[in-house]
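Asks: okay, sequence plus prediction incoming.
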Amino acid sequence: MDEISLGWMFGILLLLLVCSAFFSGSETSMMAINRYRLNALVRKGNRSAKLVNNLLGKVDKLLGSILFGNTLVNVAAAAVANIIILRLFGQNDWAILLGTLALTFVIVIFSEIMPKIVAASHPERIALPASYVLAPLITLFYPVVSVATALVKGFLWLFRIKIETDQSKQKMTLEELRGLVLDAEHFLPRRHQKMLLNLVDLERITVNDVMIPRNQIEALDINADADELRQQIVTCHHTLLPVYADAPSNIIGILHIKRVPALFQENTLDVAQLREILNAPYFIPSDTPLLKQLQQFQERHARLGLVVDEYGELLGLVTLENILEEIVGEFTTQSPAQTGKFLRQEDGSFLLEGGSSLRELNRKLGLHLPLDSAKTLNGLILEHLEDIPEAGTSLKIAEYPIEIIQVQDRIVKVARIFPEQPGIQNDS
């Protein structure tokens, strides 16, 4: 070593510190790189991204090679630093101690903390070009690293610790997907972002959450008088109409209103012919997720289904429009204040039907009523009070003051809700 000048020794030390910084930054960038962004680049055919993806597919060998290389250059840097100190100060214990502390400080600052911070801030810029250097190093270090990783896996097996060495194909959870959509607020209009969030939530929502309750279904009694049938069909506002016999729960078919005009050519409506044009009813289990039901509607080319419980009892009705409204919002042009279920008052409150769906109230009025168990406003009030309330009763649910206006047949028929908190109302 005596024939190597001090200038060259300092140059070698600087090179080793740069190599240490490279290994530190590469390790952080490889672990911090966005997997979904990386997969997008792979699909586009980016060569660097494919190489990084391959390296992450064997993360044990990747980390083993990086750590081996980093340890190797740090030990070499310490050896070179000791030689330089001996050249300058001779066998001086204090010089060796201070030199070691100085080298440690330099390594921590310039070869560890700084490159890791840069790599964590710009992982893609560091990881993609670094992959061209790391790939051959993994091959070069393979004999040593393979022995080390085998020992590590053996110890992990003894401690019953399971590991996943393939980090190239991480599956995204629904919560992570929601987080990505929420983080994209700077790139997506608010309405589009809300639609995507609603689409993600379809897997959590069942048809039971959005169905039209049985007592609100407009249906046709096949055994009714012919003139009454004609009048109900003429005044019907729906395209599809359930038809029952004797009891509303005994649905025998679905009538498509567009197929009826041919029967009206006769003076008297022929009930037998009306039965012949009925479509078979389509029954849906109440716990079917909305996303799955949307797919089933598409496969069956259907637009309406009857929701039944585990005993086959009719619970309600769900349409394709009900599901699509969960994604894109209300189809109708009427505002909530113009509909029969939502009557806005001058004081800012709303008169609501007790049978109104909580999900519909939250969506249309911007409320945040709990959706854990009860499906309707009446159910939420009864669940909260654990009793049948009387008209004039006031309560507060989820910080919303509610006043019972009308109770009939043990059901809350009409209630008043104040969307704003009392303090805000008093201030105004």
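Replies: Right, received. Where do you want to start? As the structure is a computational prediction, the values presented were derived from the model and not from experiment.
Asks: how about low-confidence regions in the stretch 151-300 of the chain?
Replies: Along the stretch 151-300 of the chain, segments meeting pLDDT under 70 span 164-172, 262-268.
Asks: how about the strands of it, start to end?
Replies: Under the criterion DSSP state E, counting those that start in this stretch, the stretch 151-300 of the chain contains strands at 212-213, 220-221, 240-244, 251-256, 283-285.
Asks: strands paired with the third one, and their directions?
Replies: When pairs are called by DSSP bridges, strand 240-244 turns out to pair with strand 220-221 (parallel), strand 251-256 (antiparallel).
Asks: returning to what we had before: reformat the strands of the stretch 151-300 of the chain as a markdown table; add distance to Leu6.
Replies: For every residue, glycine as well, the C-beta is placed using N, CA and C. As requested, the strands of the stretch 151-300 of the chain are arranged in a markdown table below (distance: least, C-beta to C-beta, whole Å):
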| stretch | distance to Leu6 |
| --- | --- |
| strand 212-213 | 88 |
| strand 220-221 | 101 |
| strand 240-244 | 92 |
| strand 251-256 | 94 |
| strand 283-285 | 83 |
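Asks: nearest to Leu352, out of the ones you listed?
Replies: Ranking those by proximity to Leu352 (C-beta to C-beta) places strand 212-213 first, at 14.7 Å.
Asks: on that earlier part again, so which of the strands paired with strand 240-244 is the most packed in?
Replies: Stretch with highest mean neighbour count among those: strand 251-256 (a mean of 20; mean count of other C-beta atoms under 10 Å).
Asks: among the strands of the stretch 151-300 of the chain, which comes closest to Leu38?
Replies: Nearest of the strands of the stretch 151-300 of the chain (C-beta to C-beta): strand 283-285, 40.2 Å.
Asks: how far off centre is that closest one?
Replies: Offset of strand 283-285 from its chain centre (C-alpha atoms, centre = their mean, to the nearest Å): 26 Å.
Asks: who are the packing partners of it?
Replies: Other elements packing on strand 283-285 under the criterion 3 or more C-beta pairs under 8 Å, 6 or more residues apart in numbering; DSSP states H and E are strand 304-308.
Asks: after the strand it packs on comes which helix or strand?
Replies: strand 314-319 (DSSP states H and E).
Asks: could the strands paired with strand 240-244 be laid out in JSON lines, adding distance to Tyr142?
Replies: JSON lines is the format used below for these (distance: least, C-beta to C-beta, whole Å):
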{"stretch": "strand 220-221", "distance to Tyr142": "77"}
{"stretch": "strand 251-256", "distance to Tyr142": "68"}
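Asks: of all those strands, which one is nearest Phe105?
Replies: strand 251-256 (79.9 Å).
Asks: count the residues that sit near Arg160.
Replies: Neighbourhood size, Arg160 [other C-beta atoms under 10 Å]: 6.
Asks: excluding chain neighbours, what is closest to the residue nearest the centre of the chain?
Replies: Nearest to the geometric centre of the chain sits Arg178, at 3.1 Å (C-alpha atoms, centre = their mean). The shortest distance from Arg178 to any non-neighbouring residue, by C-beta to C-beta, 6 or more residues apart in numbering, is to Val200 (5.6 Å).
Asks: picking up where we left off before, distance of the residue nearest to the centre of the chain from Ile205?
Replies: 14 Å (C-beta to C-beta, to the nearest Å).
Asks: go on, Leu320?
Replies: For Leu320 relative to Ile205 (C-beta to C-beta), the value is 15 Å.
Asks: now do Asp246
Replies: In terms of C-beta to C-beta, Asp246 sits 33 Å off from Ile205.
Asks: between the two, who's got more neighbours?
Replies: Each of Asp246 and Ile205 has its neighbours counted (other C-beta under 10 Å); Ile205 has more, 18 against 10.
Asks: what about Ala148, how many residues nearby?
Replies: 17.
Asks: so what's it closest to, chain neighbours aside?
Replies: Of all residues not flanking Ala148 in the chain, Gly64 sits nearest, at 5.6 Å (C-beta to C-beta, 6+ apart).
Asks: buried set for the top helix by length along the chain?
Replies: The residue-count maximum for a helix in the chain (DSSP state H) belongs to helix 59-89. Residues 59-66, 68-70, 72-74, 76-78, 80-81, 83-85 are the ones in helix 59-89 that count as buried (16 or more other C-beta atoms under 10 Å).
Asks: just stretch 20-38 next, same as before
Replies: 20-33, 38.
Asks: nearest to Ile251, of those?
Replies: Leu38 (52.4 Å).
Asks: next, the closest one: secondary structure please.
Replies: helix (DSSP: H, G, I helix; E, B strand; the rest coil).
Asks: quick one: Lys364 and Lys396, what's the gap?
Replies: 21 Å.
Asks: these two: which is more packed in?
Replies: Each of Lys364 and Lys396 has its neighbours counted (other C-beta under 10 Å); Lys364 has more, 20 against 12.
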